[in-house]
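1. pasting the sequence and the predicted model now:
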Amino acid sequence: MTIDRVSGAFLVLVGLFVVWERRVLPLGSASRPGPGYFPLLLAVLLIVLGVILIARGKNAKKLRSVSWTEAPHAVAILGCCVFVSLLMETIGYRLTLLLILGFLFGVMERIKPWLTLVLSFGFSLGTFWLFDSMLRVPLPRGWWNF
Amino acid sequence: MEATVANLVLGFSTVFTPTNMLYSLMGCLIGTMVGVLPGVGPLAGISMLLPTTFGMDATSAIILLAGIYYGAMYGGSTTSILMRIPGEAASVMTCIDGYAMARKGRAGPALAIAAIGSYVAGTLSIVGLMFLAPPLARFALSFGPPEYVCLLVCGLVVLSYMTGGSIVKNLSMICLGLMAGMIGIDQMSGYFRFSYGVTALGDGIGVVPVAVGLFGISEILATAGSPDIREVLKPRFRDLLPSKQEFKDSIGPIGRGTVLGFLIGIIPGSAHIISTFVSYALERRISKHPERFGQGAIEGVAGPESANNAASEGALVPLLALGVPTGPVPAVLLAALMVHGITPGPLFIKEQPEVFWGLIASMYVGNFMLLLLNLPLVGIFINLLRVPYRILYPTILLFCVVGVYAVNSSMVDVGIMTVMGVLGYLLRKMDFEIAPLVLGVILAPIIEFSFRQALAMSGGEYAIFVERPISAAFLALALFMILLGLKPLLFKSKDWRERLTEAEKQV
């Protein structure tokens, strides 16, 4: 299996998904196009391009040859992003960032504990002070107003 | 001419206030820093700093953000010359001869010529921008919806050709981007589209979370965990000044790089990167001693460094005059302007002259500041490179989160940034270019709106797009570009875009 064929199949699936989801939006007519007109046009175009990629993808790079050496790090960082997305408004900016910076510096990068503490506290509290207190950009404080 | 001088006086009177001078200086310094640091480009820099501008007036904000944009081009050369790592993608070609010069103990002159070339190109390009943008904006006032649709389609097709790689993949990224741009309330009918009950998606998915996710987060995901191999060559500042011969050899490349860079900058695509490649190739071709290239030829530094600065300012012409961004960084600048209530386009220069001319004047001042500051401060900037990447990337992640959250105080935006980060990471693995996707998202609302208006005007006749001369010309150009892009599928010979990709990989 080549990367072009896999990505082509993905594009076709996205196109089909949009065609399916569009059915709740009025299509209108050519002289008065509705909200579903342009998405349908794009979805059809995406399916065509996906099919071209599948058809011409025989000699592209093999999927197995793609290197994933950084994947463990990527998954951890991604987990941090999801953690921020879900919990920052609940537990507040400072605590959230303290936790994810502590995890990244201390656990993922094995930085010395004292430096991890200094960096995590420094960046989470320092950026809150800079943005929220000095520049008046409101950042979430969480349930306990911290 | 008199009107231009009067406007320029207005611009300088706007800039020469202590506050705006300070913002210009700050923008230039931050820009140089983000240019120096590999993995942090002007796009991440502008996005991260955008929230800090919320309390400022629009002119000061755009002066600061534009400073980051062109300052990054100066900073990018430092890492290329001293470490053979392009701090900014546009400095790839400088790595070749800049690093070779540094190894021969000529890092000082290489840095000096890069700064001087950047200054000359930057300043001359502002003159071009100053004279070209207003008439272009006046011309664009005659555009109706069909012309706008064709202009934008043409821009996106040119972008997909110029970005390099497979044109089919690039066109599919544009389609995907345009579809993502459909999310939210339809401006004409009020329907919620593809929002699945998430009210925060009513305004669409937003340029900043998309750009920061696709460029900033995906870069972190792709590079974190890689070993730090950083050998920094120390420049000898005693001989910072280039020799007479080096000066003489640099004049031509700087002039040619400026003109090339500015013209290529106006075209959509990764103009600042392509311009350096074209400039390097041109200098090597016309040189009497092409064998010196790769061994430390000063022309190989002067030409590309001038070209990338000229291109970054050339890209502001379509952005300010037509409201059409030609790449991801101008797109984020556009988003920043819109956050401050400014909509670039044909009426912008006429209706808000103090912002446009203030920006122009700030760029003259900023380029001069960069020339004065860059060389003495190069030692400080080099220290930034001593910060290990394992400390740097969590910090960048933090600023990405703050930057994205602060635009709308919305956690949904942080979620979008995360999703886009994963998408960008996977797309990189599958050899897709990300820039066309971002541009698609940004231009989707205006393309769709104009497209539906044009069809309503013609009573559903698609012929309206080919019957009007301007729109037909844009479509013909787009078709020509698609045919050019399909050429490698039919013939085995490598075209310049493949050679550019290979050169980037070699560096």
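-> Yes, it's here.

2. got the phi/psi numbers for A:K62?
-> phi -70, psi 140 (degrees, to the nearest 10).

3. what of B:I185?
-> phi -80, psi 130.

4. pairing partners for it in the sheet, please.
-> B:F192 (DSSP bridges).

5. and it, what does it touch?
-> B:Y191, B:F192, B:R193, B:S195, B:G202, B:D203 (C-beta atoms under 8 Å, 6 or more residues apart in numbering or on different chains). Where you see a C-beta, it was placed from the backbone N, CA and C, and this is true even at glycine.

6. hmm, A:L25 and the first one touching each other?
-> Yes: shown here, B:Y191 and A:L25 form a contact pair, counting by C-beta atoms under 8 Å, at 6.0 Å.

7. between the two, which one's more packed in?
-> A:L25 (21 against 16; other C-beta atoms under 10 Å in any protein chain shown).

8. just checking, B:R452 touches A:P33?
-> Yes: judged on C-beta under 8 Å, B:R452 makes contact with A:P33 at a distance of 4.6 Å.

9. thinking again about what came up before, are any of the contacts of B:I185 buried, and which?
-> For the contacts of B:I185, a burial check counting by 16 or more other C-beta atoms under 10 Å in any protein chain shown picks out B:Y191, B:F192, B:R193, B:S195.

10. contacting residues for the third one?
-> Just to be clear, that refers to B:R193. Neighbours of B:R193 in contact, by C-beta under 8 Å, 6+ apart: A:L25, A:P35, A:P39, B:M182, B:I183, B:G184, B:I185, B:D186.

11. please apply the same query to the first one.
-> Under the criterion of C-beta under 8 Å, 6+ apart, the contact list for B:Y191 reads A:L25, A:P26, A:P35, B:I185.

12. in a helix, the second one, correct?
-> No: in this structure, A:P26 is coil, not part of a helix, as judged by DSSP: H, G, I helix; E, B strand; the rest coil.

13. torsion angles phi and psi at the closest residue to it other than its chain neighbours?
-> By the measure of C-beta to C-beta, 6 or more residues apart in numbering or on different chains, the closest residue to A:P26 outside its immediate chain neighbours is A:G34, 3.8 Å from it. For A:G34, the backbone dihedrals (degrees, to the nearest 10) come out as phi -90, psi -180.

14. domains in chain A, by residue range?
-> For chain A, the structural domains run A:3-65, A:71-134, going by automatic domain parsing.

15. can you list those in JSON lines and add mean pLDDT?
-> Shown next, in JSON lines, are those (pLDDT from 0 to 100):
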{"stretch": "domain A:3-65", "mean pLDDT": "92"}
{"stretch": "domain A:71-134", "mean pLDDT": "93"}
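
16. ok, the contacts of B:I185 vs B:L10, which is closest?
-> Nearest to B:L10 among the contacts of B:I185, counting by C-beta to C-beta, is B:D203 at 34.0 Å.

17. what residues are up against the closest one?
-> Residues in contact with B:D203 (C-beta under 8 Å, 6+ apart) are B:G184, B:I185, B:N408.

18. and with 7 Å instead?
-> B:G184 (C-beta atoms under 7 Å, 6 or more residues apart in numbering or on different chains).

19. before we move on, back to that, for the contacts of B:I185, which one is nearest B:V34?
-> Of the contacts of B:I185, the one sitting nearest to B:V34 (C-beta to C-beta) turns out to be B:D203, at 27.8 Å.

20. for the contacts of B:R193, work out which two are farthest apart.
-> A:P39 and B:I185, at 13.6 Å, using C-beta to C-beta across the contacts of B:R193.

21. so which strand or helix has the residue nearest the centre of chain B?
-> Centroid check for chain B by C-alpha atoms, centre = their mean gives B:V329 as the closest residue, at 4.1 Å. Following DSSP states H and E, the helix or strand that holds B:V329 is helix B:328-339.

22. same question for that helix, mean pLDDT?
-> In this model, helix B:328-339 has a mean pLDDT of 83.

23. show me what the helix or strand following that helix is packed up against.
-> Once the chain leaves helix B:328-339, the next helix or strand it forms, by DSSP H and E, is helix B:348-351. On a contact count with 3 or more C-beta pairs under 7 Å, 6 or more residues apart in numbering or on different chains; DSSP states H and E, helix B:348-351 meets helix B:107-140.

24. distance-wise, check the residue of chain B positioned farthest from its centre relative to A:S29.
-> When distances are taken from the C-alpha mean of chain B, B:G459 lies farthest, 38.8 Å away, according to C-alpha atoms, centre = their mean. Separation of B:G459 from A:S29 (C-beta to C-beta, to the nearest Å) stands at 10 Å.
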